[in-house]
Structures are given as C-alpha cells and as structure tokens.
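Colleague: how would this look folded up:
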Amino acid sequence: MALLHAARANRVMIATAESCTGGMVAAAITDIPGSSAAFDRGFVTYSNAAKIQMLGVSPATLETHGAVSEPTAHEMAQGALRRSDADIAVAITGIAGPGGSDHKPEGLVCFGIATADRVSTETIAFGALGRPHVRKAACDHALALLHKAVDSFPPQN
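Modeller: I've put the predicted structure just below:
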C-alpha cells in the first residue's frame, strides 16, 4: 500500500477516528504486513457518548451540529491526534444508510484530517449507494486523504 510506504518514508504515524466506517480504515491499513511502523491506533466511536468519552468531542458541538457534521469531524480528528502518538489523524462520520433525512441524506459523509498545526474538513455526498457501498467509498476517500496528508508532511530526521 502506497500510503504505508509514504508514511514509513516520512516517519509519520497515523491514527483513525471512525464512526460510519466502523473501523474499516484501520482494518485496511493493518491488513498490510509492517503497518505497525506507521499505524498507531484507531478509535471506533459509533455513538455520541463514545465520541465524547474517547475523543473529547464537545457535547455542545454534537447538540448544535449533530454527529454528521464538519465541526464534529474536526473535533474527532483533533481528539484522535491528541489521544494517540500519531502525527496525522483522519476522522470519518456520516450517514451510511439506509435512511437519512432531507438535510442529511444517505451517503453524506464528513471527514477531518488533523496534524499538529492544522485541521481540515470536508463533506462528500456519495449518494444513496447502499450501506456497504457508502462505507467502502468513505473508507477509500479517507485513505486517499491520509495519503495526500502524509505526502505533504515534512520529512522527519
């Protein structure tokens, strides 16, 4: 996996904070032999209580914006970074389906990427692809975001 090669080359450790993907990103990374050189840990925080307890997401953020929001993804990524030995953390929270609402439809997924000096977020509307396909698309997108972040990370000596 190119992500792990780049992370090892740049001496970057990765953490994940996952909701709708339920650990799929961490599993994709750790399926590769030697991943322990670049993967620190993963947090599966499916419930709001887990987001609060494990990642330090503010209850006010969840109340105001909901679990599926860029502010929540931002705090999840920050929390994973702070509560790990990682240099980069990715967060994923979304509506895998079935269901959703007019405001937050099936396939809406929010992502966060955190490093020591910045956090960026984005939202992707994958559409009503069905639960397995939304989760797979979210996992693949998170891995791509991580790869991009690792590639732009300053090399460590």
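Colleague: neighbours around residue 43, how many?
Modeller: Neighbour count of residue 43, defined by other Cβ atoms under 10 Å: 22. No exception for glycine: its C-beta is placed from N, CA and C like everyone else's.
Colleague: from the contact counts, what lies against the one helix or strand in the chain whose mean pLDDT sits lowest?
Modeller: Among the helices and strands of the chain, helix 2-10 carries the lowest confidence by mean pLDDT, DSSP states H and E, at a mean of 92. Contacts defined by 3 or more Cβ pairs under 8 Å, 6 or more residues apart in numbering; DSSP states H and E place helix 2-10 against helix 131-151.
Colleague: which other helices and strands contact the helix it packs on?
Modeller: Packing contacts for helix 131-151, counted by 3+ Cβ pairs under 8 Å, 6+ apart, involve helix 2-10, strand 14-18, helix 24-30, strand 88-94, strand 108-114, strand 119-125.
Colleague: quick revisit: can you show me the CA trace of the least confident helix or strand of the chain as CSV?
Modeller: Output in CSV follows, covering the C-alpha atoms of helix 2-10 (Å, rounded to 0.1, in the frame of the first residue of the first chain):
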residue,chain,number,x,y,z
ALA,A,2,1.5,3.3,-1.1
LEU,A,3,0.1,5.1,1.9
LEU,A,4,2.2,2.9,4.3
HIS,A,5,5.3,3.2,2.2
ALA,A,6,5.0,7.0,2.2
ALA,A,7,4.2,7.1,6.0
ARG,A,8,7.3,4.9,6.7
ALA,A,9,9.5,7.0,4.4
ASN,A,10,8.4,10.2,6.1
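Colleague: what's that helix in contact with?
Modeller: Helix 2-10 is touched from outside by 12-14, 29, 32, 34-35, 37-39, 143, 146-147, 150-151, 153-156, with contacts defined as Cβ atoms under 8 Å, 6 or more residues apart in numbering.
Colleague: at 6 Å what do you get?
Modeller: Residues outside helix 2-10 that contact it (Cβ atoms under 6 Å, 6 or more residues apart in numbering) are 14, 32, 35, 37, 38, 146, 147, 150, 151, 153, 155.
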